[in-house]
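Engineer: Fold the following, please.
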Amino acid sequence: MPEPFLSRARRAWRALTPSRRVAAVITVLYLSASGVDAAGIHVPGLGLLRFFFSWALFIWFLMFFGWMRRRVLWSLRNRLLVAYVFIAVVPIILLVCLGGIAAYILYAQLGSYVLNQEVDRTLSRMEALADAALINLPAGMTAQAPAAVLAGSVKNGAALPSLASGVTPEARFALDIPGLEILPGEGADLLPDAKGSEPRHFSGLVQQGEHVWLRAVSARKTGGELRTLTVSALVTPELLDSFSLDVGRINWGLFRLVRSGDKAPGSVKFTNTTEGGVQRDFAPQEGVSSRRRTLPPRAHLFDIEIICFSNFEAVDLESPAGSRIKIPILASFYARPSRLNHVLFASLGDLSGVPYIILMVFCVLFLVVEVGALVTGTVLTRTITKSVGDLYGATQRVKSGDLSHRIRDVRNDQLGALAASFNEMTASVAHSIEEQRQRERLENELSIAREVQNQLFPRSIPRVPGLHLVASCRAARMVSGDYYDFIRLGDNELAFVIADIAGKGISAALLMASLQASLRSKLLDQQRIGSTAEVITLLNRHLLTTTPEDRFATLFFGIYNSESRLLRYTNAGHLPPLFFSGASVQRLEVGGTIVGMFADCEYEEGSVTLAPGSLLAAYTDGISEPENAYGEQFGRDRIIEVIQRNRTQRPEAILDSLVAAVEHWAGTPEQADDMTILLASGIEIARI
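Structural biologist: Model prediction:
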């Protein structure tokens, strides 16, 4: 097996959770066992393995669902669309479903009410006819007469004209019922018990075997004799067709009572509420359906065909007279809402359709508003997702290094402002990167300049008999505008200089290099060095011709003779160095003005003797001018105080103490100016 496939399989296995690992093992075992079983080899426990495999399939389904959810909902557009589906589409569907179910329940109940009203109206007419016929019944027709004779004499309308004379209009309508029969002397077993001579009535459905009748019984006790008359109509397709209902086909589902010992496959249980909630088994049998009833055409688009149900109860004539059983009859028929609305709003007359029209208008308006909201949400979603997609694509371009990419389609909204802000940001980032590159290039150049400048400073401090020298220059920036140097003029003489160039940075460093080159050339090229004043005069003339007018320098230049211990110096506008001899402190100010600014300047030479124990301290303004938090400068007096306090120590220790005191005074890690110090201590010649 190739190694890459094994590596991928190992990574996939390590990525699975413990439950998924178990599901993977079960899946492999089941598939293997199913393959073996399909080959004709019996595998014991395959049923149990199939049960666990169904659990594994559920685990894989959850895994696949999570993967699809992450993949589909990763896009903001899909997330918003799903949100709009649940916010707008799903509620519309639920409302339509709930409205449809509620409307169906309403119209089904209304249809059931209409059918029950029609049956009750028919029974009421039959009952009125029975009362009128009983009054007109001849005296010879008594209940003791044979029923066959009575039935034959009035059946099929033979005696109807005389029996129905004088009846009410409602009762006369009953004469048009198909299959109507008037049976004098029958129905006493259906009548309720009564006291005295008050009339007794029964109207309802009766069933015997596979036949159901609409039956009304009227009874009256006259002279001790109970006279009865039954008006009956067999439920036939013709009878169902005669109902004055604007509905479609009517079906009456009939049942029969399942008695003990009977075999009735498919029987159902019904609870008879009129008998105290008794449950009995009933078996379905052939029903009765209308034949000529049809639904009217649709009145509008939503005038659909619905099925309505109604439940009736028929008295079982085969059960004992004292304990009649009620048999259920399940009636169903088809109707249209528009026709039922006429019944519901019948009190409005010609305006019966107006409430329904108003309801439908509001429903249509609601759907239009919801559809408009959905369309608006979809358009907004597309706008938002397009802007987000543009931003995402732009970030990918920027990520790949293309900072010149800009979003073109900038709209006049907050997303457009975000796109414009992104364009400004990328432009700013590109500009910042360019500035950073230039800064890095400049820093590289400054680093090179610093290395070059460091080469200009003395690599080592020369050893001179009778003199201990130390010097330090700490630049505030990459390069320094301060300068110090030591130049040997022979075996017994050493020239040294400390200078502060006007300005900072590269310009000061360039002037410092020019100053050093000029000074060294004048000292090393001359056979005989005159006074220090002459050297500074020549240096001033050179700088005037080689530097801009706004560039100048202050410097202290001295020549020390080790034989005489005499230090000749010229101070050209520099901070006067401090000369410590015994308990006195002298400022070395002899000299003149700054160099490189004025022509025809005259400089003077001064001198001091560096006896053993004496100390010369030369410094730049980076030592004396740092300010504390209150704006107070460090000053010359504190310099003297620090040196006097550390006078007994070596010059290196004195220099470190002075620098530490200045930094502590400033209280900030960043230097405001270059800090340069040169210390020359007179010592015994034997110590050298």
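Engineer: Verify the contact between residue 502 and residue 508 for me.
Structural biologist: Yes. The pair residue 502 / residue 508 is scored as a contact, 6.9 Å apart, by Cβ atoms under 8 Å. From N, CA and C alone the C-beta is placed, and that goes for glycine too.
Engineer: the more surrounded of the two?
Structural biologist: Set residue 502 next to residue 508 and count neighbours by other Cβ atoms under 10 Å: residue 508 wins out with 22 against 17.
Engineer: Could I get the average pLDDT for stretch 676-688?
Structural biologist: Per-residue pLDDT values across stretch 676-688 average out to 78.
Engineer: how about low-confidence regions in the stretch 301-450 of the chain?
Structural biologist: The stretch 301-450 of the chain contains residues with pLDDT under 70 at 346-356, 409-411, 413-415, 445-446, 448-450.
Engineer: in it, which spans are helices?
Structural biologist: Taking DSSP state H, counting those that start in this stretch as the test, the helices found in the stretch 301-450 of the chain are 337-344, 354-399, 414-456.
Engineer: got these as a markdown table, with mean neighbour count and distance to residue 524 columns?
Structural biologist: Converted to a markdown table, those look like this (neighbours: other Cβ atoms under 10 Å; distance: least, Cβ to Cβ, whole Å):
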| stretch | mean neighbour count | distance to residue 524 |
| --- | --- | --- |
| helix 337-344 | 19 | 121 |
| helix 354-399 | 14 | 59 |
| helix 414-456 | 13 | 15 |
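Engineer: Compile those into TSV and extend it with columns for distance to residue 530.
Structural biologist: Listed next are those as TSV, based on distance: least, Cβ to Cβ, whole Å:
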stretch	distance to residue 530
helix 337-344	129
helix 354-399	69
helix 414-456	25
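Engineer: Residue 615: which of these is closest?
Structural biologist: helix 414-456 (26.4 Å; Cβ to Cβ).
Engineer: counting contacts, what elements does the helix or strand following the closest one pack onto?
Structural biologist: Later in the chain than helix 414-456, the nearest helix or strand by DSSP states H and E is strand 467-474. Using 3 or more Cβ pairs under 8 Å, 6 or more residues apart in numbering; DSSP states H and E, the elements in contact with strand 467-474 are strand 482-488, strand 493-501, helix 651-666, strand 675-682.
Engineer: would JSON lines of the ones you listed with mean neighbour count and distance to residue 65 be doable?
Structural biologist: Shown next, in JSON lines, are the helices and strands packed on strand 467-474 (neighbours: other Cβ under 10 Å; distance: least, Cβ to Cβ, whole Å):
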{"stretch": "strand 482-488", "mean neighbour count": "21", "distance to residue 65": "75"}
{"stretch": "strand 493-501", "mean neighbour count": "24", "distance to residue 65": "77"}
{"stretch": "helix 651-666", "mean neighbour count": "17", "distance to residue 65": "68"}
{"stretch": "strand 675-682", "mean neighbour count": "24", "distance to residue 65": "72"}
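Engineer: could you dump the ones you listed to TSV with distance to residue 46?
Structural biologist: Output for the helices and strands packed on strand 467-474, formatted as TSV (distance: least, Cβ to Cβ, whole Å):
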stretch	distance to residue 46
strand 482-488	95
strand 493-501	98
helix 651-666	87
strand 675-682	92
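Engineer: nearest to residue 590, of these?
Structural biologist: Residue 590 lies closest, by Cβ to Cβ, to one member of those: strand 493-501, at 15.5 Å.
Engineer: Kindly calculate the angle that the closest one makes with strand 675-682.
Structural biologist: Counting by axes from the mean of the first three to the mean of the last three Cα atoms, to 10 degrees, strand 493-501 lies at 160 degrees to strand 675-682.
Engineer: Only alpha carbons, please: show strand 493-501 as CSV.
Structural biologist: The C-alpha trace of strand 493-501 is given here as CSV (Å, rounded to 0.1, in the frame of the first residue of the first chain):
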residue,chain,number,x,y,z
GLU,A,493,54.0,66.5,22.6
LEU,A,494,50.4,65.4,22.2
ALA,A,495,47.6,67.5,20.8
PHE,A,496,44.0,66.9,21.8
VAL,A,497,40.8,68.5,20.8
ILE,A,498,37.1,68.3,21.9
ALA,A,499,34.5,70.0,19.7
ASP,A,500,30.8,70.4,19.4
ILE,A,501,29.4,70.8,15.9
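Engineer: Figure out which of the helices and strands packed on strand 467-474 is closest to residue 44.
Structural biologist: For residue 44, the closest of these is helix 651-666, at 89.7 Å, according to Cβ to Cβ.
Engineer: pLDDT-wise, which helix or strand of this protein ranks last?
Structural biologist: Ranked by mean pLDDT, DSSP states H and E, the weakest helix or strand in the chain is helix 147-154, scoring a mean of 38.
Engineer: outside of stretch 6-16, which residues touch it?
Structural biologist: 21, 24 (Cβ atoms under 8 Å, 6 or more residues apart in numbering).
Engineer: Apply 7 Å and report the result again.
Structural biologist: residue 24 (Cβ atoms under 7 Å, 6 or more residues apart in numbering).
Engineer: could you give the mean pLDDT of it?
Structural biologist: Confidence for stretch 6-16, expressed as mean pLDDT, is 75.
Engineer: For it, what is the distance to the chain centroid?
Structural biologist: The chain centroid and the centroid of stretch 6-16 are separated by 32 Å under Cα atoms, centre = their mean, to the nearest Å.
Engineer: Would you check that residue 658 makes contact with residue 642?
Structural biologist: Yes. Using Cβ atoms under 7 Å, residue 658 is in contact with residue 642, at 5.1 Å.
Engineer: Need phi/psi at residue 547.
Structural biologist: Note on residue 547: its backbone torsions stand at phi -130, psi 160 [degrees, to the nearest 10].
Engineer: Could you find the closest non-adjacent residue to it?
Structural biologist: With Cβ to Cβ, 6 or more residues apart in numbering as the criterion, residue 547 has its nearest non-adjacent residue at 5.5 Å, and that residue is residue 596.
Engineer: Measure how buried that neighbour is and give me the count.
Structural biologist: Residue 596: 27 neighbours (other Cβ under 10 Å).
Engineer: check contacts around it.
Structural biologist: Residue 596 touches 540, 543, 544, 547, 551, 552, 553, counting by Cβ under 7 Å, 6+ apart.
Engineer: 8 Å instead?
Structural biologist: Residue 596 sits next to 511, 540, 543, 544, 547, 551, 552, 553 when contact means Cβ under 8 Å, 6+ apart.
Engineer: pLDDT score assigned to it?
Structural biologist: 85.
Engineer: ditto for residue 173
Structural biologist: Residue 173 carries a pLDDT value of 67.
Engineer: Need the residues touching each of residue 502 and residue 508.
Structural biologist: Common contacts of residue 502 and residue 508, defined by Cβ under 8 Å, 6+ apart, comprise residue 481.
Engineer: a markdown table please, covering the contacts of residue 596 and showing secondary structure, distance to residue 424 and pLDDT.
Structural biologist: Shown next, in a markdown table, are the contacts of residue 596 (DSSP: H, G, I helix; E, B strand; the rest coil; distance: Cβ to Cβ, whole Å; pLDDT from 0 to 100):
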| residue | secondary structure | distance to residue 424 | pLDDT |
| --- | --- | --- | --- |
| 511 | helix | 42 | 78 |
| 540 | helix | 54 | 88 |
| 543 | helix | 49 | 84 |
| 544 | helix | 51 | 84 |
| 547 | coil | 44 | 79 |
| 551 | coil | 42 | 80 |
| 552 | coil | 45 | 86 |
| 553 | strand | 46 | 88 |
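Engineer: Before I go, just wanted to say thanks for your time.
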